[in-house]
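>>> Sharing a sequence plus its predicted fold:
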Amino acid sequence: MECPEEPYDGELQPGDVEIRFRPLSPLDRSGLTVVIEIKSKWSASREANRQERVDALHADIHAATGLVDFGVYLSLPSAAWSQGD
C-alpha cells in the first residue's frame, strides 16, 4: 500500500502489517475459501487507483500462495494510528 503520503523503505517494522485469522461463524456466508481484508489509512494517491491496487494484491497473493478461490477486500477509511515503542 506504498504511497507518497506514507513512503515505504522496504523494511517492515512492528505495526506495519498485522495478520489475523478467524474461523467462520455459523452466521458467516461466503462462497470463497478465503477472504482477505486489507485496511489501510485513506490517502489521495491510494484512492486514485484503489481497484488497480486490489487487483495487483490479488494477483500477487495468488502467485505467492497458489490460492484460487479467494477474494481481497480493500478498505481505505479515514483513520489514524499510534503505537508505542
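Alright, I've got the coordinates. Because the structure is a prediction, the values reported are computed rather than measured.
>>> How about residues contacting the lengthiest helix in the chain?
Counting by DSSP state H, the longest helix found in the chain is helix 50-65. With CB atoms under 8 Å, 6 or more residues apart in numbering as the test, helix 50-65 has contacts from Met1, Ile36, Ile38, Arg46, Leu67, Val68, Phe70, Gly71, Val72, Tyr73, Leu74, Leu76. Yep, even glycine has a C-beta here, placed from its N, CA and C like the rest.
>>> Need the CA coordinates for it. CSV is fine.
The C-alpha atoms that make up helix 50-65 are tabulated as CSV, following Å, rounded to 0.1, in the frame of the first residue of the first chain:
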residue,chain,number,x,y,z
ARG,A,50,-7.6,1.5,-5.4
GLN,A,51,-9.1,-1.0,-7.9
GLU,A,52,-5.7,-1.4,-9.6
ARG,A,53,-4.1,-1.9,-6.2
VAL,A,54,-6.5,-4.6,-5.0
ASP,A,55,-6.2,-6.4,-8.4
ALA,A,56,-2.4,-6.4,-8.1
LEU,A,57,-2.7,-7.6,-4.5
HIS,A,58,-5.0,-10.4,-5.6
ALA,A,59,-2.5,-11.4,-8.4
ASP,A,60,0.5,-11.3,-6.0
ILE,A,61,-1.3,-13.3,-3.3
HIS,A,62,-2.3,-15.9,-5.9
ALA,A,63,1.3,-16.1,-7.3
ALA,A,64,2.8,-16.4,-3.8
THR,A,65,0.3,-18.9,-2.3
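>>> For it, buried residues please.
Arg50, Arg53, Val54, His58, Ile61 (16 or more other CB atoms under 10 Å).
>>> quick check, nearest of the residues you listed to Leu24?
Ranked by distance to Leu24 (CB to CB), those are led by Ile61 at 19.2 Å.
>>> Now do the phi/psi pair for the spatially most central residue of the chain.
Centroid-nearest residue in the chain: Ile38, 2.4 Å away (criterion: CA atoms, centre = their mean). Per-residue torsions, Ile38: phi -120, psi 130 (degrees, to the nearest 10).
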